[in-house]
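> Fold the stuff below for me.
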Amino acid sequence: MSHSAYTINRIRQYYLGEEVILNEDEANILKRWEEAFTFLRDTKSIPETVALLRRRFPDISKRTLFKDANSSLQLFGDVIKYSKEAMRNMANDYALDYLNRCKTLNDRNNEKSAIAMLIKINRLDKDEVEEMDPASMILEAPRIEIPEHVSSMIYALIGNGAVNLMQLREKATLNLNERAPEVQPAAAVASDSASA
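Reported below is the predicted structural model:
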């Protein structure tokens with residue numbers, strides 16, 4: 001639940017420096033969103049943020065303050081969830097800034113360490129290995145290939161009416177060309193039927 005996409009879009013355009021003039025209501029909303037984002041960054045909790053916003057804006061309803069907290073996350077980004085990619089981007093930005101400062105000061109020693117930091121963050125020192133997606137492995141049907149001579153042996157065994165894999169061990173070669181016209185069920189044992 002958040003504010004309308006129109007309001008969020010106008011405030012985003014205002015932040016990006018586009019020619020948008022916020023009216024008084026939008027300016028008040030922006031002030032609450034900025035405070036909400038500050039509290040969210042500190043508390044990492046929407047209910048705690050709303051409690052802090054209630055003290056700061058006692059005349060605004062709790063429902064509106066919840067919408068403000070959610071809208072600030074939409075506008076400024078989610079600071080509640082930990083994201084490894086976000087941390088990598090932040091470290092990358094810091095390393096680039098560090099490198100730029102070293103270049104400005106003509107500090108070659110620290111410039112080398114800044115470049116080493118960038119290489120490590122972006123894993124440029126490691127060979128790229130195509131990662132397997134476990135989900136795609138599950139969705140794909142397994143492909144099983146049985147050589148023709150093995151499938152012929154299996155048909156020969158089935159053709160006898162019962163499968164005895166020990167025959168493969170006992171006989172080095174089976175007459176693979178002899179197949180029964182149809183598969184016969186195994187003969188019932190007389191002692192089983194008599195006991196029933």
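> what about the strands in the protein?
Counting by DSSP state E, the chain forms no strands at all.
> which residues of it score low on pLDDT?
1-3, 81-84, 86, 127-142, 157, 160-196 (pLDDT under 70).
> tell me the phi and psi of G17?
For G17, the backbone dihedrals (degrees, to the nearest 10) come out as phi 90, psi 10.
> so how far is L30 from it?
Plainly put, G17 is 14 Å away from L30 if you go by CB to CB, to the nearest Å. Quick note: C-beta positions are derived from backbone N, CA and C, even for glycine.
> Those two: which has the busier surroundings?
L30 (20 against 7; other CB atoms under 10 Å).
> Test my guess that that one contacts Y14.
Yes - L30 is within contact range of Y14, at 7.4 Å (criterion: CB atoms under 8 Å).
> Identify the contacts common to those two.
Shared contacts of L30 and Y14, defined by CB atoms under 8 Å, 6 or more residues apart in numbering, comprise L22.
> show me the contacts for E145.
Contacts of E145 by CB under 8 Å, 6+ apart: none found.
> Swap in 10 Å and give it another go.
Counting by CB atoms under 10 Å, 6 or more residues apart in numbering, E145 touches S151.
> just so I have it, where are all the helices in this protein?
Taking DSSP state H to define them, one finds helices in the chain at 5-15, 24-43, 46-56, 62-76, 84-105, 108-121, 134-139, 148-159, 166-170, 190-195.
> Single out the most deeply packed of these.
Comparing those by mean neighbour count (mean count of other CB atoms under 10 Å), helix 62-76 ranks first with a mean of 19.
> Much appreciated, bye for now.
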